[in-house]
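[1] Need a 3D model of the following:
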Amino acid sequence: MTKRACPFPETFSSQYKIHIGQQELNNYGVFGNKYRQEIYEKTKNLLFNGAKAVVGKIWTGEEKSVEHEPPACSHTLLRGQTLIGHDGRLTKTSGAPVPATRCCVCQKSQGSRTRCSQCERQVCSSCSRQCSGCSSLCCSVCTIIDYSGRYDEVLCCSCST
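    Numbers count the residues shown, from 1 in each chain. Presented below is the predicted three-dimensional model:
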């Protein structure tokens with residue numbers, strides 16, 4: 001004699017133990033849209049409050065320069081090699097950089113090299129490009145080619161913004 005079949009096949013599958021977490025509730029739950037909207041609003045408020053605090057300090061001049069930070073670099077763009085200090089601020093490197101023996105792009109050591117005006121690294125003549133906007137020599141990493149016009153234009157990072 002064989003075993004008899006389960007008389008309730010459709011109800012047996014729903015008896016599995018399934019963990020439903022917060023992510024499943026957010027994605028598939030009844031109040032999923034409400035939860036997602038709350039998370040979105042909270043994130044947006046945090047971002048805007050942080051941006052307002054930074055802009056407020058820059059424009060009102062609340063943030064004074066510290067003795068170890070040069071006053072000219074407090075709110076201006078720092079060009080070249082920078083370091084993150086112990087206080088979390090960007091500072092310009094001091095001293096002469098170690099001369100590179102290779103090109104920073106292709107890593108070849110033959111030929112003459114010039115200094116990139118954006119990142120101040122050594123670049124060979126085949127990897128350097130001249131900016132159409134400011135006519136400075138930059139490496140191919142620090143340039144962007146603009147294809148939107150009739151002719152292709154090479155723009156450095158400063159001119160592209």
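[2] how about the strands in the protein?
    82-84, 90-92, 113-115, 122-124, 128-130, 137-139, 143-146, 153-156 (DSSP state E).
[3] Who does the fourth one pair with, and is each partner parallel or antiparallel?
    Each strand paired with strand 122-124, and its direction, by DSSP bridges: strand 113-115 (antiparallel).
[4] mind listing what's buried in the partner strand?
    Neighbour-count burial for strand 113-115 flags Arg113, Arg115 (criterion: 16 or more other CB atoms under 10 Å). The way it works is simple: take the backbone N, C-alpha and C, and place the C-beta from them, glycine included.
[5] And it, how far out from the chain middle?
    27 Å (CA atoms, centre = their mean, to the nearest Å).
[6] And the contacts of that strand?
    Contact partners of strand 113-115, identified using CB atoms under 8 Å, 6 or more residues apart in numbering, comprise Ala100, Cys103, Arg121, Gln122, Val123, Cys124, Ser125, Ser128, Leu137.
[7] residues near the third one, how many?
    Burial of Arg121 is recorded as 19 neighbouring residues (other CB atoms under 10 Å).
[8] What segments of this structure are helices?
    Taking DSSP state H to define them, one finds helices in the chain at 9-12, 22-28, 32-60, 157-160.
[9] Show me what the second one is packed up against.
    Packed against helix 22-28, as judged by 3 or more CB pairs under 8 Å, 6 or more residues apart in numbering; DSSP states H and E, are the following elements: helix 32-60.
[10] Let me see the mean pLDDT of the helix it packs on.
    For helix 32-60, mean pLDDT is 80.
[11] by contact count, what packs against it?
    So helix 32-60, by 3+ CB pairs under 8 Å, 6+ apart, packs with helix 22-28.
[12] mind listing what's buried in the helix it packs on?
    Buried, per 16+ other CB under 10 Å, within helix 22-28: Asn26.
[13] mind exporting that helix as PDB, just the C-alpha atoms?
    Only the C-alpha atoms of helix 22-28 are listed here, as PDB (Å, rounded to 0.1, in the frame of the first residue of the first chain):
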ATOM      1  CA  GLN A  22      13.000  46.500   6.500                       C
ATOM      2  CA  GLN A  23      14.200  46.400   2.900                       C
ATOM      3  CA  GLU A  24      11.400  44.000   1.800                       C
ATOM      4  CA  LEU A  25       8.800  46.200   3.600                       C
ATOM      5  CA  ASN A  26      10.200  49.300   1.800                       C
ATOM      6  CA  ASN A  27      10.200  47.600  -1.600                       C
ATOM      7  CA  TYR A  28       7.100  45.400  -1.500                       C
END
